[in-house]
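A.B. asks: build me a model from this:
(one chain, ligands or ions: 1)
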Amino acid sequence: MRLPIAALCLVALAAHATDADRVLRGYTAADSATEISWEQKFRALPDRDRIRENMRRLSARPHHVGSPYDKDNAEWLLAQLKSFGLDAQIEQFSALFPTPKSRKLELLGPSPYTAKLQEPPIPVDPTSSQTDEQLPTYNAYSRDGDVTAPLVYVNYGRPEDYEVLDRMGISVKGAIVIARYGESWRGIKPKVAAEHGAVGCILYSDPRDDGFFRGDPYPDGPMRPAEGAQRGSVMDMPIYPGDPQTPGVGAVPGVKLIPLDQVKTITKIPVLPISWSDAQPFLKSLGGETVPEAWRGGLPFTYHVGPSTAQAHLAVAFNWDRKPLYDVIARIPGAKFPDQWVIRGNHHDAWVNGAEDPLSGTSPELEEARSLGQLLQQGWKPARTIIYCFWDGEEPALLGSTEWAETHDKELRQHAVAYFNSDGNDRGYFHAGGSHSLENFVNDVAKNITDPETNMSVWKRVRLVDIAHTTPADRREIRDRADLRIPALGSGSDYTVFIDHLGIASVNLGYGGEDEGGGQYHSAYDDFYYYTHFLDTTFDYERALAQTAGTMVLRMADADILPFQFADLADTVHLYVTQLKSLADQRRDEVKERNREISEGVYQALYDPKKTLVPPKVEPVPPYLNFAPLDQASDDLTEAAKSFDAAFAAAGGVAPADLNLDLIRSERLLTNSEGLPNRPWFEHLLYAPGFYTGYGVKTIPGVREAIEQSQWPEADHQIVRVSVALEHEVDLLKQATQLVAARPAE
Ligand SMILES: [Zn+2]
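C.D. replies: Coordinates of the predicted model:
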């Protein structure tokens, strides 16, 4: 209804009119108007001061898995949820979580040095002095070990860094490698080092990547100080995350545990993280050639690859205990479709005080739950069941979410509609990644959220920022395409089990990009003082996160017909297939060119007697792959999606309720219960974290990784598997199209 008062302000009238005249996807016109009004009421509720107080309370003491304050926080969250009128409980699990018993790192030889391995308290930062409760700096799921060996610098420790070392004739066999943090997920670094024969691995934070080279160090600025170090897991999570002793099943009392010596996800060599202050003497001890330009860090001396003449001594031992996990779960029963579940989650555990990671996501999430409690009191009843989850044990290995989802595996595969995740949240631009059947949905919601700094929608702002920052080709696409593309999800937060293992359509969302962040990542200095001085100091984007994630939950939970959309999915699959083809072509061209250079004598010409150069070997030229089944499936999907979306639009939100059941299955059909090659836990055929990237996503991973690893028959086999899954999706969409077309009379 238009009230005369709106005429007083033309801008408000225009904004209001477009909002109210719009019919939301999956809603009838009448239900859409009701929903829009509830959503507007909801978005008025989240309160910055309450979010700030949530963060202050939850970050007051260190709260890692197994610590007293981790449990205390879980109990406080439970009490809060109950006070909002929600039905909440703690679900408890247990998991292997090693903590340090002893850590030693020393440089032997003429200038000996013993690493301090301490993050000292900083006077202005009150919680940085809680050293008794802090976990020491270490990498969880490093094996025990005591090794003495020369050092070799391996840059970021990615597979391609070892190719450079090979050309230089440097082997890491029998050495301890020193790698800088960054560019790949940390767990990949010891994995690749061990594959190349290293006996130990030191990870350090180079100031070029997150220290003084980038900005003022803490506490003058947000960047990592000299003695700051990055804790973190080095478990081989691309094989499977969660409790290492119970892959695929929930870690509940009485479950059978895999013996420790048979666990595949613990590192093969000992690992320890250090600050740049501790790293300096080790880096200075390196001899050998000067590093290539791209390998230089920000410290004021020449970096060499090594090996060092002096030996390094690394000794670590851990308590291999199982620790309790406290997941806090609240449920709002659905009034119309109680067996369809919309799930929202963020973790509550941290490495230390964890104000940014994870509490800048947890604190708004709790405020969302409070706001939903308020809506319930005002008479709102969600159509679907809503489940709010506060996960424990994300930091070590996504423990709480994985064990919960594995425990409820059967129910979730049947009932879960979608999962919405957040983690650390900062000031700046909206970002979201996830399932492409939800790409249109994510775009739609983002158009309704007001950016606190510019007052344009967060969708419009990120679209314009993307236009400014991208290539001409991508710029053209952003301007022409109705929806902004969302990236696929790799790993690195609690959505992993939902999308990759169970095939539940998932979205990970947040804000960021305006502050130079990341400097205190997994450090004792990621705390309330740090967040409130250097990140979202006004809590405007904390509020925006609560508004955005809450609107997604509300709109998905209340829809008459689930607002999944498949044209964007089909378009994305088509893009991935194109990328795979050019990857295969590129690999073939590279090998051909290198073989030709070898036969032309290029490497003899490059020979410098003062330097070592090991020429590459002639390789067999990669064969052509048969992409026909994928081309066919991709075209079929495009056609089926077009027909479905047209029928859906014509139905105006009216369709048999069974259609929802088909739509829930649409993401499941993109999985295969046998999983990916060598990692059956990962069932999704379109998205997975890379075997050698860790967090970074590999799309159509079975095919892509086979090409990258030159496994040609495997690549052809995987092309067929993915095509079969896509054809099943096509069949489902055809069936769904018939259902929509056969809708009952209005
Ligand atoms: Zn986190």
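A.B. asks: what's the neighbour count on residue 712?
C.D. replies: 17 (other CB atoms under 10 Å). C-beta: built from backbone N, CA, C; applies to glycine.
A.B. asks: give the buried residues for the longest helix along the chain.
C.D. replies: Criterion DSSP state H: the longest helix present in the chain is helix 567-600. Residues of helix 567-600 classed as buried by neighbour count (16 or more other CB atoms under 10 Å): 567-574, 576-577, 580, 584, 587-588, 591, 594-595, 598.
A.B. asks: likewise stretch 333-343?
C.D. replies: 334, 337, 340-343.
A.B. asks: can you list contacts of it?
C.D. replies: Outside stretch 333-343, the residues within contact range by CB atoms under 8 Å, 6 or more residues apart in numbering are 87, 381-387, 389, 412, 414-420, 498, 504, 553, 556-557, 657, 660, 664.
A.B. asks: out of the residues you listed, who's near the ion?
C.D. replies: Here nothing survives when the contacts of stretch 333-343 are matched to the ion using CB under 5 Å from the ion.
A.B. asks: narrow these to those in strands?
C.D. replies: Residues of the contacts of stretch 333-343 located in strands (DSSP state E): 87, 384-387, 389, 416-420.
A.B. asks: the nearest residue to residue 563 once chain neighbours are set aside: neighbouring residues, count only.
C.D. replies: Distances taken as CB to CB, 6 or more residues apart in numbering put residue 26 closest to residue 563, at 3.8 Å, once the chain neighbours are dropped. Applying other CB under 10 Å, we find 26 residues neighbouring residue 26.
A.B. asks: how near is residue 430 to residue 585?
C.D. replies: 35 Å (CB to CB, to the nearest Å).
A.B. asks: got the residues of the stretch 251-400 of the chain near the ion?
C.D. replies: So far as CB under 5 Å from the ion goes, the stretch 251-400 of the chain lies against the ion at 357-358.
A.B. asks: so, low pLDDT: which residues of the stretch 251-400 of the chain?
C.D. replies: Judged against pLDDT under 70, the stretch 251-400 of the chain has no low-scoring part.
A.B. asks: tell me, how many residues neighbour the residue of the stretch 151-300 of the chain found nearest the ion?
C.D. replies: Relative to the ion, the nearest point of the stretch 151-300 of the chain is residue 232 (10.4 Å; CB to the ion). Residues lying near residue 232 (other CB under 10 Å) number 23.
A.B. asks: return the set of residues that bridge with it.
C.D. replies: residue 139 (DSSP bridges).
A.B. asks: state the pLDDT value of it.
C.D. replies: Per-residue pLDDT puts residue 232 at 97.
A.B. asks: one more: residue 1?
C.D. replies: pLDDT, residue 1: 36.
A.B. asks: I'd guessed the residue of the stretch 151-300 of the chain closest to the ion sits against residue 273; true?
C.D. replies: Yes - counting by CB atoms under 8 Å, residue 232 touches residue 273, with 7.0 Å between them.
A.B. asks: shared neighbours, those two?
C.D. replies: Common contacts of residue 232 and residue 273, defined by CB under 8 Å, 6+ apart, comprise 139, 186.
A.B. asks: please name the residues that touch the residue of the stretch 451-600 of the chain found nearest the ion.
C.D. replies: Residue nearest to the ion within the stretch 451-600 of the chain: residue 493 (5.9 Å; CB to the ion). Counting by CB under 8 Å, 6+ apart, residue 493 touches 347, 394, 398, 421, 423, 508.
A.B. asks: am I right that it falls within a helix?
C.D. replies: No - assignment of residue 493 by DSSP: H, G, I helix; E, B strand; the rest coil gives coil, placing it outside any helix.
A.B. asks: excluding chain neighbours, what is closest to the residue in the stretch 1-150 of the chain that the ion sits nearest to?
C.D. replies: Nearest to the ion, among the residues of the stretch 1-150 of the chain, is residue 64, at 12.0 Å (CB to the ion). Distances taken as CB to CB, 6+ apart put residue 135 closest to residue 64, at 5.1 Å, once the chain neighbours are dropped.
A.B. asks: quick one, what contacts that neighbour?
C.D. replies: Contacts of residue 135 by CB under 8 Å, 6+ apart are 62, 64, 67, 99-100, 231, 351-352.
A.B. asks: out of the residues you listed, who's the most crowded?
C.D. replies: residue 352 (29 neighbours).
A.B. asks: what sits against the residue sitting nearest the centre point of the chain?
C.D. replies: Nearest to the geometric centre of the chain sits residue 492, at 3.5 Å (CA atoms, centre = their mean). Shown in contact with residue 492 (CB under 8 Å, 6+ apart): 185, 423, 689, 694-695.
A.B. asks: and those residues, which is closest to the ion?
C.D. replies: residue 423 (4.0 Å).
A.B. asks: surely that closest one meets residue 357?
C.D. replies: Yes - using CB under 8 Å, residue 423 makes contact with residue 357 at a distance of 6.6 Å.
A.B. asks: next, count neighbours for whichever residue of the stretch 201-350 of the chain sits closest to the ion.
C.D. replies: Residue of the stretch 201-350 of the chain nearest the ion, by CB to the ion: residue 347 (5.6 Å). Residues lying near residue 347 (other CB under 10 Å) number 29.
A.B. asks: how about it, phi and psi?
C.D. replies: phi -80, psi 160 (degrees, to the nearest 10).
A.B. asks: identify the bridge partners of it.
C.D. replies: Beta-bridge partners, per DSSP bridges, of residue 347: residue 391.
A.B. asks: which ones are touching residue 569?
C.D. replies: Counting by CB under 8 Å, 6+ apart, residue 569 has contacts 435-437, 439, 637, 641.
A.B. asks: and what of residue 349?
C.D. replies: Residue 349 sits in contact with 63-65, 70, 358, 391-395, 400, where contact means CB under 8 Å, 6+ apart.
A.B. asks: which of the residues you listed fall within strands?
C.D. replies: Per DSSP E, the contacts of residue 349 map to strands at residue 391.
A.B. asks: output the contacts of residue 349 as TSV; include the columns distance to residue 144.
C.D. replies: Formatted as TSV, those follow (distance: CB to CB, whole Å):
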residue	distance to residue 144
63	26
64	20
65	19
70	24
358	29
391	28
392	25
393	21
394	24
395	21
400	25
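A.B. asks: please report how far residue 367 lies from the ion.
C.D. replies: To the ion, residue 367 is 18 Å away according to CB to the ion, to the nearest Å.
A.B. asks: burial check on residue 651, number of neighbours?
C.D. replies: So residue 651, with other CB under 10 Å, has 20 neighbours.
A.B. asks: what does the one 5 residues further on give?
C.D. replies: Counted with other CB under 10 Å, the neighbours of residue 656 add up to 15.
A.B. asks: all good on my end, thank you.
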